[in-house]
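Undergrad: Structural data only, the sequence is not supplied:
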């Protein structure tokens, strides 16, 4: 029997609504954003400024800015060094479960994809955490598929508690939660929350999220704000580039982060720039219109618009590109990555979410950074 399609803009029972007008502001502004109207003069005007307006940010994301990538890179590197020095933060993700109750057309974890599903027991999770800690890393990102039933908040909280025994910084990248649930995970030891809107175009969002709680656009949109209200130290933003018009999605992600930073000035803000990747049973899943030049443009626009924001470059990208952007614009990178369930201490227990491009170890990444004159940072935070 086909599942009933619920209205993607209406909350489901149990989803918390908060009084916020940020989503309306973002959607209205993005709807008016026409990147084809920008000229070389607009780009040059933006590059002459130390602090960018929203109009300037739009110019740097436009096709008119592509011939100015070298100038953007020079200015971006200057901003990066000013605010972050030569340090590059290192972390790795740990997938503790890949069960999912959503049907998202672009994701290897989607409910109907025939893959090997699994969740780590707490003892298995601790073995994985210990093995990762022994590589020298001090920051971990805990991930699950989006199944509240098979990887519930209590389970995630127990893994977070274990993680605090080995890591000074613990981030989570899971399904969106209510404020009290974020507060609980923060009490367990979580510091950061990463939630990616995938696409900020509500029509495309509806088309690619066929069923499941992830189909509800506004609940996902307000996740970062609920996380901050729950006491989290930092939040990360991003769109899955290539899922829709990447320039509009990047513009929306930057504006979303900017408005959150204005409303919550104490919050640490981060960006990630994932592109579509192939996954098991779908080798053709690629972001065909977002090439490395376009990806670099997005990253540089983020840096120049929000100089204090951290920018992560993941193993979705090839090693050469990652090596090029660290220190230039990226301030954080993953190392020793496995995107299946487990696989750090014992054999991988569940299948991967997508294919990665850079399989280098923590030691390999460390040496690359040293060779580039950069400082690998394993921890920038002391847990009290």
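TA: Cool, the structure landed. Model, not experiment: these values are computed from the prediction.

Undergrad: Only C-alpha atoms from now on, for both contacts and neighbour counts.
TA: OK.

Undergrad: Okay, strands next: where are they in the stretch 101-250 of the chain?
TA: With DSSP state E, counting those that start in this stretch as the criterion, the stretch 101-250 of the chain has strands at 103-104, 139-143, 169-173, 192-194, 209-211, 234-237.

Undergrad: ditto for the stretch 251-384 of the chain
TA: So, for the stretch 251-384 of the chain - with DSSP E, counting those that start in this stretch - the strands run 268-272, 310-313, 332-334, 375-377.

Undergrad: Which pLDDT value goes with residue 282?
TA: For residue 282, the pLDDT comes out at 52.

Undergrad: Kindly report the same for residue 3.
TA: Model confidence at residue 3, given as pLDDT, is 61.

Undergrad: ditto for the one 4 residues further on
TA: The score at residue 7 is 95. That number is its pLDDT.

Undergrad: Find the residue closest to it in space, skipping its chain neighbours.
TA: Once flanking residues are discounted, residue 7 sits nearest to residue 216: 7.5 Å by CA to CA, 6 or more residues apart in numbering.

Undergrad: which stretch among the strands of the stretch 101-250 of the chain comes nearest residue 343?
TA: strand 139-143 (13.7 Å; CA to CA).

Undergrad: how about residue 179, what does it touch?
TA: 16, 226, 227, 229, 230 (CA atoms under 8 Å, 6 or more residues apart in numbering).

Undergrad: Identify, from those residues, the entry nearest to residue 272.
TA: Nearest to residue 272 among those, with distances taken as CA to CA, is residue 227, at 17.3 Å.

Undergrad: Just give the number of residues close to that closest one.
TA: Using other CA atoms under 10 Å, the number of residues around residue 227 comes to 28.

Undergrad: can you tell me how far it sits from residue 54?
TA: 25 Å (CA to CA, to the nearest Å).

Undergrad: same deal with residue 173?
TA: 28 Å.

Undergrad: Look at the two and report which has more neighbours.
TA: Shown here are residue 173 and residue 54; by other CA under 10 Å, residue 173 has more neighbours (20 against 15).

Undergrad: residue contacts, the more buried one?
TA: 141, 142, 143, 144, 193, 194, 195.

Undergrad: Tell me who's in contact with residue 129.
TA: Taking CA under 8 Å, 6+ apart as the test, what residue 129 contacts is 162, 163, 166.

Undergrad: Need the residues that contact the longest strand along the chain.
TA: The single longest strand within the chain, with elements called by DSSP state E, is strand 87-95. Residues outside strand 87-95 that contact it (CA under 8 Å, 6+ apart) are 128, 132, 137-144, 326-327, 330-342, 369, 374-379.

Undergrad: ok now it, how far from the chain's centre?
TA: Put simply, strand 87-95 sits 12 Å off its chain's centre (CA atoms, centre = their mean, to the nearest Å).

Undergrad: Over to stretch 158-166?
TA: Centre to centre, stretch against its chain (CA atoms, centre = their mean), the figure for stretch 158-166 is 21 Å.

Undergrad: Stretch 71-87 now?
TA: Distance, centroid of stretch 71-87 to centroid of chain: 21 Å (CA atoms, centre = their mean).

Undergrad: buried ones in that stretch?
TA: By 16 or more other CA atoms under 10 Å, the buried positions in stretch 71-87 come out as 72, 73, 75, 76, 77, 78, 79, 80, 84, 86, 87.

Undergrad: Do a quick rundown of the helices in the stretch 151-300 of the chain.
TA: With helices called from DSSP state H, counting those that start in this stretch, the stretch 151-300 of the chain shows them at 153-163, 179-188, 202-208, 217-221, 223-229, 246-263, 292-305.

Undergrad: Residues touching the last one, excluding its own?
TA: Translated: helix 292-305. Defining contact as CA under 8 Å, 6+ apart, one finds that helix 292-305 is touched by 51-53, 57, 60-61, 66, 69, 72-73, 75-76, 79-80, 247, 250, 254, 271, 273, 309, 311, 321, 325, 329-330.

Undergrad: model confidence over it, on average?
TA: For helix 292-305, mean pLDDT rounds to 97.

Undergrad: That helix vs strand 268-272, what angle?
TA: Counting by axes from the mean of the first three to the mean of the last three CA atoms, to 10 degrees, helix 292-305 lies at 170 degrees to strand 268-272.
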